[in-house]
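*Asks:* no sequence for this one, just the structure:
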Ligand code: C5P
């Protein structure tokens, strides 16, 4: 049976150039068995005609809050009641701001206010607009109310710039929606408190420069979201990444390895499980310069000192939680992963092979893991979206917790 059979989806389209991709999105949702009704803002209609969506969905397109004819056919409250979910793609900075502030002076924002159906948004905007603190605050408000974000992605933008803010491709949005609507509702981790680290750390060189790595944080965020949806109480200590965690995850943002260690040590005592996904920088500057370093000499040497091992600090605590570590390996995956399992006194370790040219792990939306524990045996989690891999890993964790 197609994944969206009998689902009634209200597709909101706001005014961005990515609106042309919404026609393909409508098609993909219908291919999966969904009934789709489209609502367009006036900005969206500057980019693409309502007639396109009427032809694709077989339903009249709704554009106006105060149109007596449209209201007589299906009033806005009725339309809001009809929807199993609202998906806004593209969601512009303006639309996100308007919904965050509870505006109701056009049809789309009114529908968002007049429904208790889940709301999903696929943001699309210029990278500076996406990174603007006003947009960040609006997104945090929405996330705290349970709005789920699909993307945005990173890459070339219609404005000619490159960065974060691209709308995900229609197929990615369809898959994310299918995933969200089928999110695990099991409560296998109910009553468990789980502390997770994610993302890179950033080690300052001077006020404008730092050392870091390519970790995107996607795996750790996927684990945090999946653990919360399985009933756990989740605290996520996140390095600098531009990702949203689901509303029921308590998030603490940090920058350096030292900050991450302090945040973890401040939280850990209440937790049953510690999952260390962060790619913690191995070294930091021996001395961070107060002023920007000037380029005078042809060569330059930085003196580095080892960062604390956060995972080992937790696994060495007297009343330690169950410790699950990660290992990114380029060769001899099992040997190195088992070495870390032993050396860091872990209960479980998830290894990914980052040495395969055609399957980069950092920044990618997919992953595959080999999972080991102190006794013999291991389990392979085959390649899939980081959300699916997170779920499979937590199912394994649940089994190991029962053995404990
Ligand atoms: O970098 P390494 O391969 O040692 O990482 C293995 C595990 O240890 C990972 O789970 C990582 O999050 C954790 N780690 C840490 N603190 C460090 C280095 C690694 O918590 N300084």
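*Replies:* Sure thing, it's come through. From a predicted model like this one, the values you see are computed outputs, not experimental measurements.

*Asks:* going forward, measure contacts and count neighbours with C-alpha atoms only.
*Replies:* Will do.

*Asks:* pretty sure residue 214 contacts residue 364?
*Replies:* No: using C-alpha atoms under 8 Å, residue 214 is not in contact with residue 364; the gap is 10.5 Å.

*Asks:* could you give the number of residues near the nearest residue to residue 145 once chain neighbours are set aside?
*Replies:* Residue nearest to residue 145 in three dimensions, not counting chain neighbours: residue 247, with 6.7 Å by C-alpha to C-alpha, 6 or more residues apart in numbering. Using other C-alpha atoms under 10 Å, residue 247 has 18 other residues around it.

*Asks:* mind pulling the model confidence for residue 247?
*Replies:* pLDDT, residue 247: 77.

*Asks:* kindly report the same for residue 30.
*Replies:* 97.

*Asks:* got the residues of this structure near the ligand?
*Replies:* 276-280, 282, 307-311, 325-327 (C-alpha under 6 Å from any ligand atom).

*Asks:* by mean pLDDT, flag the weakest helix or strand of this structure.
*Replies:* Least confident helix or strand of the chain, by mean pLDDT, DSSP states H and E, is helix 68-73 with a mean of 77.

*Asks:* quick one: contacts of that helix?
*Replies:* For helix 68-73, the external contacting residues (C-alpha atoms under 8 Å, 6 or more residues apart in numbering) are 62, 64, 65.

*Asks:* just to revisit the earlier point, the residue nearest to residue 145: which element?
*Replies:* Of the helices and strands defined by DSSP states H and E, none includes residue 247.

*Asks:* isn't it right up against residue 146?
*Replies:* Yes: between residue 247 and residue 146 there is a contact under C-alpha under 8 Å: 5.4 Å.

*Asks:* against the ligand, how distant is the closest residue to residue 162 other than its chain neighbours?
*Replies:* Excluding the flanking residues, the one nearest residue 162 by C-alpha to C-alpha, 6+ apart is residue 156, at 4.4 Å. From residue 156 across to the ligand, the span is 31 Å (C-alpha to the nearest ligand atom, to the nearest Å).

*Asks:* which strand residues bridge whichever residue of the stretch 51-200 of the chain sits closest to the ligand?
*Replies:* With C-alpha to the nearest ligand atom, the shortest gap between the stretch 51-200 of the chain and the ligand falls at residue 197, namely 7.0 Å. Beta-bridge pairing for residue 197 (DSSP bridges): residue 237, residue 276.

*Asks:* let's have the contacts of helix 68-73 in a markdown table, adding pLDDT, distance to residue 139 and neighbour count.
*Replies:* Formatted as a markdown table, those follow (pLDDT from 0 to 100; distance: C-alpha to C-alpha, whole Å; neighbours: other C-alpha atoms under 10 Å):
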| residue | pLDDT | distance to residue 139 | neighbour count |
| --- | --- | --- | --- |
| 62 | 95 | 25 | 22 |
| 64 | 91 | 25 | 19 |
| 65 | 88 | 25 | 18 |
